[in-house]
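Asks: the following comprises the amino acid sequence and a computationally predicted model.
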Amino acid sequence: MVLLFLFVTMIATGAFAVNTIRIGFIVPLTTANALIGWGMQHGAALAVKEINEAGGIKGVNIELLSEDNADTNAIAVNALHKVSASKPVALILGSTSSQTMAMSPIIQKAKIPTLIEGSSPKLTDHGNPWFFQPRVTDEFAAIAATRYVVQHLKKTKIGVFHAAEEFGLSTAPVIVKTLEELNLKPVAVVSAPSSDKDVSAQLLQIKNAGADAVIAWVLPAPGVLLARQMKQLKINVPLMANPIFAMPQVLKLMTPEDRADVYSVTDTVPDQDTDPAAQDFVKRYKERTGIMPDLLAAISYDSVKLLAKVIREVGTGPEAIQKALREGKGYRGVANTYTFDEKGRGAWRVMVVDVSGAGLKVLTTVSR
């Protein structure tokens, strides 16, 4: 009876030896958002490869359980159920904020420590104690973007364009509020679903309102469309956006004309980080994929490495992992340095970059 009790206890606390330590990873592998999911998958897989080649976690290999969210809430939830059936010790959600919110109640009920790559502040505002956000929130990034447009580019007639989905809907008010704090009001606030193939009507609203700059919060494919149609409609004003234009795979879809006078705020520009660990990551990622890593590839890599560090220290018990993430301070990754606050927010540095030239030019860095 004593031996049976010890056996059950070891399994329950994660102390019992297993064949692999499973981490679930839900990521867009198809649809338009595969453009960013591809990099997430390779960043996470590279981290797993390095950990396992170095002996795993106390001799036990990590196994990455990847499932496609197909960029829809229902399929993301189904992917979560499929991954959960394999009993992962933790999850990484490389999903949009809307899909992440759809999965949140299930994760909270199951009590699975989860790193989320969605950037909406609502993801950590709604009180799921199992969510940890190794991303700069849209709130933090939007304030930095808006202030740069006004204070550095000296623009005063701002048009706001945002996606008609969770991350865009929650960020537009932040931009408007920041403008108000700078004694300005937007000349136009417009939106469009990310599935739209023509946003000329919204852009003409912005043009006719006399905008001298546009701040946009959109997904990658709509962002390329937005930049291109701005030039076609002769809206030759600065375009500031969320991290989409800091992604090499997105910039490959844009002509030099599309990129003219375009800016982005981003968590990191990995290939411009002078830290030796970041440079080593860039080198190995490029050897693996043939291209430079973007910020989400770096954050996925960091997420796996951070979970491995915690599991190595405290085991695979969910409460122990949750507690270690909550109490950990100053974990240095290749994308950022992570310290999670009481809400679960962990990244506190953003860069403003100019994408007009042949590469990304870091203009300034904003930290908490």
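Replies: Thanks, I have the structure now. Numbers count the residues shown, from 1 in each chain.

Asks: look up the closest residue to V187, ignoring the ones flanking it.
Replies: Setting aside the residues directly before and after it, V187 is nearest to A209 in space (C-beta to C-beta, 6 or more residues apart in numbering), at 3.9 Å. C-betas here are computed from N, CA, C, even on glycine.

Asks: next, count neighbours for the one you found.
Replies: Burial of A209 is recorded as 15 neighbouring residues (other C-beta atoms under 10 Å).

Asks: can you pull the pLDDT of it?
Replies: A209 is assigned a predicted lDDT (pLDDT) of 98.

Asks: quick one: contacts for it?
Replies: 157, 159, 187-188 (C-beta atoms under 8 Å, 6 or more residues apart in numbering).

Asks: so which of those is the closest to Y263?
Replies: Closest approach to Y263 among these (C-beta to C-beta): G159, at 14.4 Å.

Asks: looking at this, that closest one is in a helix?
Replies: No: counting by DSSP: H, G, I helix; E, B strand; the rest coil, G159 is located in no helix; its state is strand.

Asks: so what's it bridging to?
Replies: When assigned by DSSP bridges, G159 has beta-bridge partners A188, V214.

Asks: quick one, what contacts it?
Replies: Neighbouring residues of G159 by C-beta under 8 Å, 6+ apart: 186-190, 205-206, 209, 211, 213-215.

Asks: same thing but at 7 Å, please
Replies: Taking C-beta atoms under 7 Å, 6 or more residues apart in numbering as the definition of contact, the neighbours of G159 are 186-188, 206, 209, 211, 214.

Asks: if any of the residues you listed are buried, put those into a ChimeraX selection.
Replies: Once 16 or more other C-beta atoms under 10 Å is used to decide burial, the buried members of the contacts of G159 can be selected in ChimeraX as follows:
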select :186,187,188,206,211,214
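
Asks: which one of the contacts of G159 is nearest I299?
Replies: Ranked by distance to I299 (C-beta to C-beta), the contacts of G159 are led by V214 at 26.4 Å.

Asks: give me the distance between the closest one and L239.
Replies: Distance, V214 to L239, using C-beta to C-beta, to the nearest Å: 5 Å.

Asks: quick revisit: closest one of the contacts of A209 to A142?
Replies: Closest to A142 out of the contacts of A209 is G159 (14.5 Å), distances taken as C-beta to C-beta.

Asks: state the pLDDT value of the closest one.
Replies: You'll see G159 listed with a pLDDT of 98.

Asks: hey, where'd the strands end up in the stretch 101-250 of the chain?
Replies: Taking DSSP state E, counting those that start in this stretch as the test, the strands found in the stretch 101-250 of the chain are 114-116, 131-132, 158-163, 188-192, 213-217, 239-241.

Asks: and the helices in this protein?
Replies: 2-13, 34-53, 73-84, 97-110, 122-125, 138-151, 166-181, 200-208, 220-232, 248-251, 256-259, 276-289, 295-314, 318-327 (DSSP state H).

Asks: closest one to A142 among the strands of the stretch 101-250 of the chain?
Replies: When those are compared by C-beta to C-beta, strand 213-217 sits nearest A142, at 6.9 Å.

Asks: for the closest one, the distance to its chain's centre please.
Replies: Put simply, strand 213-217 sits 19 Å off its chain's centre (C-alpha atoms, centre = their mean, to the nearest Å).

Asks: for stretch 234-251, same thing?
Replies: That offset, for stretch 234-251, works out to 17 Å (C-alpha atoms, centre = their mean).

Asks: report the buried residues of it.
Replies: 235, 237-251.

Asks: quick one: average pLDDT of it?
Replies: Stretch 234-251 comes out with an average pLDDT of 94.

Asks: where are the low-confidence patches of the stretch 201-350 of the chain?
Replies: Counting by pLDDT under 70, not a single residue of the stretch 201-350 of the chain qualifies.
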